[in-house]
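A.B. asks: After the sequence you'll find the predicted model.
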Amino acid sequence: DSMVPARSRRVRSTNRPTAQERPNFAQAFDPNNNAFGFLRLILATLVIFSHSFSLGGFGIDRLEAFTKGRYTIGLASVAMFFVLSGFLVCRSAAASRSVPRFLWHRFLRIFPAYWVCLIACGCVIAPLMAFAEFGTLTRVFSVPWNSSQSFMIGNAGLFHLNGFSLGGILFIRPTSIADLLAHNPVHRTINGSLWTLPFEVSCYLAVAALAAVGVLRRARFVLFGLFAGLWCLHAFDWVNPDGFWRCFPYPGMKQLVMLCLFFSAGCVCFLYREKIPHSTAIFVTSLVALGGSLPLGVFGLIAPIAMTYAFLWLAFALPFGRFDRKGDFSYGTYIYAFPVQQGMALLRIQEKGFGLYFVSSLLLTALLAFLSYRLIEAPCLRLKTVRMSSFRRRAGSSAAQLTERFPTQPAEPAIPKESGSTVGVQAVNVVFLR
C-alpha cells in the first residue's frame, strides 16, 4: 500500500452497481420463492379482525375511524388482495399459451370452492343457525322466501341479471336465509365476504380480453392508462363523493372503481417490473406517506400507490418463500370467516370479550379453510394440467376397442326402386339437453 500514490487511493471503486444494475421488481421477484402466500393469509386474518368489530358489536376499527368510514382494515386488506392478485394473474395471462387455458385456471381457483361454500352455508351452517335460533333444522328449507335453496341456486352463477344494472349484475343476492340472524349486530347476512368475488372475476375477464388482443405483450401502456383513469375516478369519489354519485348514479360503481384500481395497480407493477426499483428507501417512504395521509385525510389518494408498492416490496423481501408449500389456505379463510363469525355472534361469544370472539372465530375458520383446501381446492387445482388432447386420445382408444369387440356389419345391397313407388321420409326431432 505504501507504494500506491495517495491520489489513486481516493479513486472511487468501479465495482459499485450502476443504476441499471440496481435491484428492481423483475430481479427481486422469484416465482418459486416469495411471500405472496404468507401475505395473503395475513390479509385474510386482518379481514377477520376487522369484521370482529362490526359482527361482534364492538364498534368500528381504527382505520375506519381515521378515514371517517371510507376505509376499514378489512377493506384495505381486500384492496391488497386485489393488488397481489393483479400481479400474479397478469403474469399468468402473459405466460399462458391460450386465453381459454388461462380462464380454465381461473375457473378452478374460484368456482369449485365457492360452490361448496354456498352448499355448506345453505345445508350445514344455516340449519345449525336455525336450530340455535328457532329450535329446528329444517325451517331454512321450507320457508316460502329466501330459503337455503334460493340462496344456493341464486348465487351459483356468481353474476346476476337483476334488471341489467351494474349492482344487479355484481351484487350477491339473496344475502339472507329464512330471516336468520335478525338479532345479530349485523342483521340477516349469512356470508357478506362473498361480495368481492364477482368483482375479482370481472377483473379476470378483463385481463383475458386484454391478453386476447395482445395488450399485455405489445401495448402495456394501455394498462398504465387504465390505472391512471381509475385513480382519477377514485380521487374524484374521495374528494367529492356527492359529485361522483351525481355523475355515476349506479349502485356498485364506487366498489368497481376502487377494486379495479388496486387490481390494475398490481398488473402495472408486473408489466413494468423491470423499471420499478426494489428499494428499501422507497418502501420506508411509502409507509411514512401512508401514516401521514391519515391525519391529513388523503389516505384514499395515497394508498393505491404507496400501499401497493409496500406490499409488493414485502412480497419479494420477506423470508417466507416456502410458507405455502403445504397449501394456500387464504381463500378458504376468506370465504368461510363471515358465516363463522355470524354463528359465534348468534351464540353470544362476543359477550366474553373481543379477544375470545376473534380467536375462536379464527380457529374455527382455519379448520374449515384447511378442509376446503385439502378436499376441494387442491384436487381441483390439479386439473390445471389436463389437456383436451388427452381426452381425445382416450376417446379414440375407447372407440377403437369397441370397434374391435363389436365389428360393424357390412351394409346390405340397395333394393332397386320400382316404377312409380314412393319412399316415405320420417322426420326425427333431436332434443339437446343442457
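C.D. replies: Okay, I see it.

A.B. asks: Give me the spatial nearest neighbour of A310, chain neighbours excluded.
C.D. replies: Using Cβ to Cβ, 6 or more residues apart in numbering and skipping the chain neighbours, the partner closest in space to A310 is S286 (4.5 Å). C-betas here are computed from N, CA, C, even on glycine.

A.B. asks: The one you found reaches A306, doesn't it?
C.D. replies: Yes: assessed by Cβ atoms under 8 Å, S286 is found in contact with A306 at 4.0 Å.

A.B. asks: on that earlier part again, can you pull the contacts of the residue nearest to A310?
C.D. replies: Applying Cβ atoms under 8 Å, 6 or more residues apart in numbering, we find S286 in contact with I305, A306, M307, Y309, A310, W313.

A.B. asks: what about burial for those residues, which qualify?
C.D. replies: Listed as buried from the contacts of S286 are A306, M307, Y309, A310, W313; burial here means 16 or more other Cβ atoms under 10 Å.

A.B. asks: quick one: the second one from S286, how far?
C.D. replies: In other words, M307. 7 Å (Cβ to Cβ, to the nearest Å).

A.B. asks: where does this structure dip in pLDDT?
C.D. replies: 1-22, 162-164, 388-434 (pLDDT under 70).

A.B. asks: Give me the most central residue, it.
C.D. replies: Nearest residue to the geometric centre of the chain (Cα atoms, centre = their mean): E200, 4.9 Å.

A.B. asks: on that earlier part again, so which helix or strand takes in the residue nearest to A310?
C.D. replies: helix 280-296 (DSSP states H and E).

A.B. asks: Also I48?
C.D. replies: helix 36-55.

A.B. asks: same for the next helix or strand after that helix, what does it pack against?
C.D. replies: With elements assigned by DSSP H and E, the helix or strand that comes after helix 36-55 is helix 62-66. Using 3 or more Cβ pairs under 8 Å, 6 or more residues apart in numbering; DSSP states H and E as the contact criterion, the elements in contact with helix 62-66 are helix 73-95, helix 280-296.

A.B. asks: Would you check that Y71 makes contact with E64?
C.D. replies: Yes: if you go by Cβ under 8 Å, Y71 and E64 touch, sitting 6.8 Å apart.

A.B. asks: Need the residues touching each of the two.
C.D. replies: Counting by Cβ under 8 Å, 6+ apart, Y71 and E64 have no common neighbour.

A.B. asks: Could I get the phi/psi values of S147?
C.D. replies: Backbone geometry at S147, expressed as degrees, to the nearest 10, gives phi -80, psi 170.

A.B. asks: what residues are up against A366?
C.D. replies: F329, T333.

A.B. asks: How much space separates it from S264?
C.D. replies: 32 Å.

A.B. asks: I302: which element?
C.D. replies: helix 299-317.

A.B. asks: and that helix, C-alpha only, in CSV?
C.D. replies: The C-alpha coordinates for helix 299-317 follow below in CSV (Å, rounded to 0.1, in the frame of the first residue of the first chain):
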residue,chain,number,x,y,z
PHE,A,299,-55.4,8.1,2.6
GLY,A,300,-57.6,7.2,-0.3
LEU,A,301,-55.4,9.2,-2.7
ILE,A,302,-52.1,7.8,-1.4
ALA,A,303,-53.0,4.2,-0.8
PRO,A,304,-53.3,2.9,-4.4
ILE,A,305,-49.7,3.8,-5.0
ALA,A,306,-47.9,3.7,-1.6
MET,A,307,-49.7,0.7,-0.2
THR,A,308,-49.3,-1.2,-3.5
TYR,A,309,-45.6,-0.6,-3.5
ALA,A,310,-45.2,-1.5,0.2
PHE,A,311,-47.0,-4.8,-0.1
LEU,A,312,-45.2,-5.9,-3.3
TRP,A,313,-41.9,-4.9,-1.7
LEU,A,314,-42.8,-7.2,1.3
ALA,A,315,-43.8,-10.0,-1.1
PHE,A,316,-40.3,-10.0,-2.6
ALA,A,317,-38.3,-9.3,0.6
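
A.B. asks: coming back round to it: just checking, the residue nearest to the centre of the chain touches F82?
C.D. replies: Yes: contact status for E200 versus F82: in contact at 7.0 Å, counting by Cβ under 8 Å.

A.B. asks: Out of the helices and strands packed on helix 62-66, which is the most enclosed?
C.D. replies: helix 73-95 (a mean of 22; mean count of other Cβ atoms under 10 Å).

A.B. asks: now the angle from that helix to helix 299-317?
C.D. replies: 60 degrees (axes from the mean of the first three to the mean of the last three Cα atoms, to 10 degrees).

A.B. asks: could you give the angle of helix 73-95 to helix 36-55?
C.D. replies: Going by the same axes, to 10 degrees, helix 73-95 makes 150 degrees with helix 36-55.

A.B. asks: who does helix 73-95 touch, helix- and strand-wise?
C.D. replies: By 3+ Cβ pairs under 8 Å, 6+ apart, helix 73-95 packs against helix 36-55, helix 62-66, helix 99-120, helix 197-212, helix 215-218, helix 253-271, helix 299-317.

A.B. asks: Which stretch among those helices approaches P144 most closely?
C.D. replies: helix 99-120 (20.4 Å; Cβ to Cβ).

A.B. asks: Pull out the buried residues from the closest one.
C.D. replies: In helix 99-120, counting by 16+ other Cβ under 10 Å, buried: 99, 102-106, 108-114, 116-118, 120.

A.B. asks: Alpha carbons of the next helix or strand after that helix, in PDB - could you do that?
C.D. replies: Sequence order places helix 126-134 as the next helix or strand after helix 99-120, per DSSP H and E. What follows is helix 126-134, C-alpha atoms only, in PDB (Å, rounded to 0.1, in the frame of the first residue of the first chain):
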ATOM      1  CA  ALA A 126     -77.900 -22.200   8.100                       C
ATOM      2  CA  PRO A 127     -79.700 -25.200   9.600                       C
ATOM      3  CA  LEU A 128     -77.400 -25.000  12.600                       C
ATOM      4  CA  MET A 129     -78.200 -21.300  13.000                       C
ATOM      5  CA  ALA A 130     -81.900 -22.100  12.600                       C
ATOM      6  CA  PHE A 131     -81.600 -24.700  15.400                       C
ATOM      7  CA  ALA A 132     -79.900 -22.300  17.700                       C
ATOM      8  CA  GLU A 133     -82.400 -19.600  17.000                       C
ATOM      9  CA  PHE A 134     -85.700 -21.400  16.400                       C
END
